[in-house]
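predicted model and sequence below, questions to follow.
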Amino acid sequence: MHDDRDTIVAIATAPGAGGVGIVRLSGPRATTIAREVCGVPLRPRLARHVRFRDADGITIDDGIALYFRAPASYTGQDVVELQAHGSRAVLQQLVERCQALGARGARPGEFSERAFLAGKLDLAQAEAVADLIAAGDARAARAARRALDGEFSRRIDAIAAELLALRVHVEAAIDFADEPLDTLGGGPLRRRLDAAIDLLAALLTDAERGRKLRDGLHAVIVGPPNAGKSSLLNALAGSDRAIVTDIAGTTRDLLHETVRIDGVELTLVDTAGLRESGDVIEREGMRRARAELGRADIALVVLDARDPEAGRAELETAVAGVPTPVWLLNKSDLLAGPPPAPGITGALPVSARTGAGLDHLHERLRVLWQGHAADTAEGTFTARARHVDALRRAAAELEAARQALAGESLDLAAEALRAAHDALGEITGRVAPDDLLGHIFSSFCIGK
Ligand SMILES: Nc1nc2c(ncn2[C@@H]2O[C@H](COP(=O)(O)OP(=O)(O)OP(=O)(O)O)[C@@H](O)[C@H]2O)c(=O)[nH]1
Ligand SMILES: [K+]
Ligand SMILES: [Mg+2]
């Protein structure tokens, strides 16, 4: 996938009409292609007013061409920006002209991927670029900006450097394994490990905050089959994102949807209905649902208002660890007469079908959001679920290393330290398999 000898091209500005629109080229042929399109050679770092022309010499538009010579560019390669009027038709013609001259259409995130491969950004910073662009408010934008400035990466790198030193120490001690560890600097080793564990714990707390800031409230929708979980997700998202049928067991895998309701940022997760029976696929879906509850800020527990006791005991157990369960009595439109007096404290009667009662749910979410905003207020950078997962793994490995050292099991300690070190490397991309990179960059938009 790292075919960075290709010259790539894409529209870099947002879709839709605008005053100015930008087409970006990156790669070894960027200047040759731009020379053809602009009819004049470009000088580095000099804005030049030019006419962009098609193959027959007919003007597509006029505008500014800017040349950033390698390596002083976003991607580290030769980059040319063609700034024209922000018309889709104009920009599309410019892209097609560049393609006819040998450029290839860029894949999503490919400019940032090249910046990563050129060492201009580490992986967490490249992700921060995407987060900055997607930031929903000034607070999230500031936090993404801090991650992009390397605030998160520097703290990871500092701990990783310390772990490397500890690994060297332990590996060296293994060669003298018949001596007691204390004669081999065991005391300072243990103290340094304890200090690293504390630093990592503090970083994990901040990363968890950063994750919440980026993703908003993580709300997992659970309930018995057919209670209307998917219908509720669709009603809150205002779309037909999830499949709804009257067959129990329709939803099998997790479905994530990010929504904004009156300024409240929510990641909604639809899950498979929890019940005793079910085939292999459905049981795997239920396992995922329960695991997802472990990450939830909020559980939206959907019951059928006509039979609210169905599955209730099991659900109470399932959501016991979630900070805020919100109980919903759905399908209240099917009840004769007014909504039931909720038999469950604080339960809200709603109808995913008619929308009745959803305003009360919105209100509840707004209050939770205010608490959440206060919690994520200061000193944070944006982080992602994958970062938090990696930090948790690293923390578990460091704990294992601590115990191994206490038991003088140097081989085990070395192994645990290596695993912790690798987990940190995954965050910044120093240890990152190709498929992980592909997965991350493909979620960016084109032109980024
Ligand atoms: N009348 C009425 N029907 C609803 C309401 N919500 C959902 N339904 C219907 O209930 C059935 C099940 O809805 P789903 O949204 O698929 O339920 P689910 O909980 O996601 O089901 P599983 O994914 O199979 O666990 C469908 O026929 C929906 O149209 C509601 O508020 N009122
Ligand atoms: K269903
Ligand atoms: Mg469903």
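Now that the structure is in, tell me what you want to look at. Residues are numbered from 1 along each chain as shown. Ligands and ions are numbered 1, 2, ... in the order given.

show me what from the protein comes close to ligand 2.
Within reach of ligand 2 by CB under 5 Å from the ion, the chain has these residues: Asn226, Thr250. (C-beta placed from N, C-alpha, C; glycine too.)

contacting residues for the closest residue to ligand 2 within the chain?
Using CB to the ion, the closest approach of the chain to ligand 2 is made by Thr250 at 3.6 Å. For Thr250, the contacting residues are Pro225, Asn226, Ser230, Ile243, Val244, by CB atoms under 8 Å, 6 or more residues apart in numbering.

all strands of the stretch 1-150 of the chain, in order?
Counting by DSSP state E, counting those that start in this stretch, the stretch 1-150 of the chain has strands at residues 8-11, 18-26, 48-53, 59-68, 79-86, 104-105.

swap that for the stretch 201-350 of the chain, please
Going by DSSP E, counting those that start in this stretch, the stretch 201-350 of the chain shows strands at 217-222, 255-261, 264-270, 298-304, 324-330, 348-349.

tell me what angle the fifth one forms with strand 217-222.
Taking axes from the mean of the first three to the mean of the last three CA atoms, to 10 degrees, one finds that strand 324-330 is oriented at 50 degrees with respect to strand 217-222.

what does the second one give?
Strand 255-261 and strand 217-222 meet at an angle of 130 degrees, taking the same axes, to 10 degrees as the criterion.

now strand 255-261 - C-alpha only, PDB.
This file holds the C-alpha atoms of strand 255-261, laid out as PDB (Å, rounded to 0.1, in the frame of the first residue of the first chain):
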ATOM      1  CA  LEU A 255     -23.500  -0.700  15.100                       C
ATOM      2  CA  HIS A 256     -21.800   2.700  15.900                       C
ATOM      3  CA  GLU A 257     -23.400   6.000  15.000                       C
ATOM      4  CA  THR A 258     -22.200   9.400  16.000                       C
ATOM      5  CA  VAL A 259     -24.900  12.000  16.500                       C
ATOM      6  CA  ARG A 260     -25.300  15.500  17.700                       C
ATOM      7  CA  ILE A 261     -28.500  16.400  19.400                       C
END
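
now render the strands of the stretch 201-350 of the chain as JSON lines, adding mean pLDDT and mean neighbour count.
Shown next, in JSON lines, are the strands of the stretch 201-350 of the chain (pLDDT from 0 to 100; neighbours: other CB atoms under 10 Å):
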{"stretch": "strand 217-222", "mean pLDDT": "94", "mean neighbour count": "25"}
{"stretch": "strand 255-261", "mean pLDDT": "91", "mean neighbour count": "15"}
{"stretch": "strand 264-270", "mean pLDDT": "91", "mean neighbour count": "23"}
{"stretch": "strand 298-304", "mean pLDDT": "96", "mean neighbour count": "25"}
{"stretch": "strand 324-330", "mean pLDDT": "95", "mean neighbour count": "23"}
{"stretch": "strand 348-349", "mean pLDDT": "94", "mean neighbour count": "21"}
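
quick check: which of the strands of the stretch 1-150 of the chain is buried the most?
Of the strands of the stretch 1-150 of the chain, the one with the most neighbours on average (mean count of other CB atoms under 10 Å) is strand 8-11, at a mean of 25.

just checking: what are the partner strands of it?
Using DSSP bridges, strand 8-11 pairs in its sheet with strand 18-26 (antiparallel), strand 104-105 (parallel).

so which of the ones you listed gets nearest ligand 1?
strand 104-105 (38.1 Å; CB to the nearest ligand atom).

how distant is that closest one from the center of its chain?
Chain-centre distance of strand 104-105: 26 Å, with CA atoms, centre = their mean, to the nearest Å.

run through who's touching that strand.
Asp6, Thr7, Ile8, Val9, Ala10, Val95, Gln99, Ile446.

list the residues that contact the first one.
With contacts taken as CB under 8 Å, 6+ apart, Asp6 has the following neighbours: Gly27, Ala103, Arg104.

hey, what's the last one bridged with?
This means Arg104. Beta-bridge partners, per DSSP bridges, of Arg104: Ile8.

among the contacts of strand 104-105, find the lowest-pLDDT one for me.
Lowest pLDDT within the contacts of strand 104-105 is found at Ile446 (77).

who's in contact with that residue?
Ile446 neighbours (CB under 8 Å, 6+ apart): Ala10, Ile11, Gly105, Ala106, Arg107, Pro108, Gly109, Glu110.

just give me the closest of those to ligand 3.
Pro108 (28.9 Å).

tally of neighbours for that closest one?
17 (other CB atoms under 10 Å).

contacts only, for it.
With CB under 8 Å, 6+ apart, Pro108 has these contacts: Phe441, Ser442, Ser443, Phe444, Cys445, Ile446, Lys448.

I'd like to know which of those residues are buried.
Phe441, Phe444, Ile446, Lys448 (16 or more other CB atoms under 10 Å).

pull the most distant pair out of those.
By the measure CB to CB, Phe441 and Ile446 form the most distant pair in the buried ones among the contacts of Pro108, at 10.9 Å.
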